[in-house]
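Asker: Pasting the sequence and the predicted coordinates here, then a few questions.
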Amino acid sequence: MLLEHMKTMGPMVVAFSGGVDSTYLAKVATQALGRDEVLCVTASSASMAASEASEASLLAKELDLNHLIVETHELEDPRYSANNSDRCAWCKTHLMDALEPLAQERDASVILGVNVDDLGDHRPGQKVAQDRGARFPLVEMGLDKSSIRQASKLLGLPTADKPASPCLASRLPYGTPVTLSSLSAVERAEAGIRALGFEELRVRHHGDVALVEVPPSDVERATVAREAIVAVCRDAGFLFCALDLEGLGSGRLNRVLG
């Protein structure tokens with residue numbers, strides 16, 4: 001049981017994005033060790049939608065978590081902004097650079113909300129974190145996303161059904177430089193389409209083209225809302241707007257890696 005497992009781990013600094021995994025982890029950790037022994041840290045940067053950082057802060061207050069927001073500046077690192085296939089490794093490097101001093105001050109472990117489903121995809125950042133001593137309690141207990149959602153419902157967590165929301169840079173194909181303007185265009189387009197009633201979506205940035213992904217069950221509805229979606233994408237700075245008929249898929253841009 002995760003609760004009993006975390007009681008044995010001692011003080012911890014939890015990377016807290018406000019998503020399904022990190023919220024469940026932060027809540028159980030706080031139950032296991034007490035509020036003062038668990039520092040939940042949200043890393044705010046240009047790669048994270050402003051709405052996500054704000055929601056994480058509000059959620060931490062709602063759950064009475066010991067919460068801190070720190071800024072990371074991975075976009076200023078050319079190894080990150082080059083957007084090669086190791087981009088996530090450099091992002092995680094900056095995250096660990098921010099979390100490790102906080103952990104050292106508290107004689108604590110750095111904890112990340114990685115689950116067993118994450119182990120099969122291309123995620124070089126996980127290796128960086130693990131090599132630097134971070135622990136993944138959800139993996140240690142064999143928990144996948146489905147079981148975490150179910151457990152979150154039992155705890156009454158508002159994130160139980162929250163859609164995944166990876167960083168904005170994941171919308172850019174490898175090799176396309178990550179810039180503030182490209183991240184802003186994606187953020188604005190996704191916020192605008194979300195306001196049209198599409199809760200789960202991605203806007204892939206292909207230069208002048210916004211490739212909109214929604215779940216297969218929403219593709220027909222998106223075609224009905226075609227004019228409004230095109231207007232949103234044009235307002236965000238894209239010249240063209242396309243709808244991916246395959247539907248939303250996690251890690252879609254990793255296909256080029258073979």
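Answerer: Happy to help now that I have it.
Asker: Helices of this structure, residue ranges please.
Answerer: In the chain, the helices defined using DSSP state H lie at 2-7, 20-33, 50-62, 78-81, 87-106, 124-131, 137-140, 145-154, 180-194, 219-224, 226-235.
Asker: Mind listing residues that contact stretch 133-152?
Answerer: 1-2, 5-6, 9, 20-21, 23-25, 29, 96, 99, 109-119, 126, 130, 159-161 (C-beta atoms under 8 Å, 6 or more residues apart in numbering). Bear in mind the C-beta positions are built from the backbone N, C-alpha and C, glycine included.
Asker: domains for this protein, by residue range?
Answerer: If you go by automatic domain parsing, the domain ranges for the chain are 2-154, 168-257.
Asker: ok, how many other residues are close to Ala129?
Answerer: Using other C-beta atoms under 10 Å, Ala129 is surrounded by 23 other residues.
Asker: Wait, it touches Lys92, no?
Answerer: Yes - between Ala129 and Lys92 a contact is recorded at 5.2 Å, counting by C-beta atoms under 8 Å.
Asker: Report the contact partners of the residue nearest to the spatial centre of the chain.
Answerer: Most central in the chain under C-alpha atoms, centre = their mean is Pro166, positioned 3.5 Å from the mean C-alpha point. By C-beta under 8 Å, 6+ apart, Pro166 lies in contact with Ser250.
Asker: Same check on the one 3 residues further on?
Answerer: Residues counted as contacts of Ala169 (C-beta under 8 Å, 6+ apart) are 47, 80, 83, 87, 91, 178, 183.
Asker: ok, it to Thr42 distance?
Answerer: 17 Å (C-beta to C-beta, to the nearest Å).
Asker: Same check on Ala191?
Answerer: Taken as C-beta to C-beta, the span from Ala191 to Thr42 is 19 Å.
Asker: Good, we can wrap up now.
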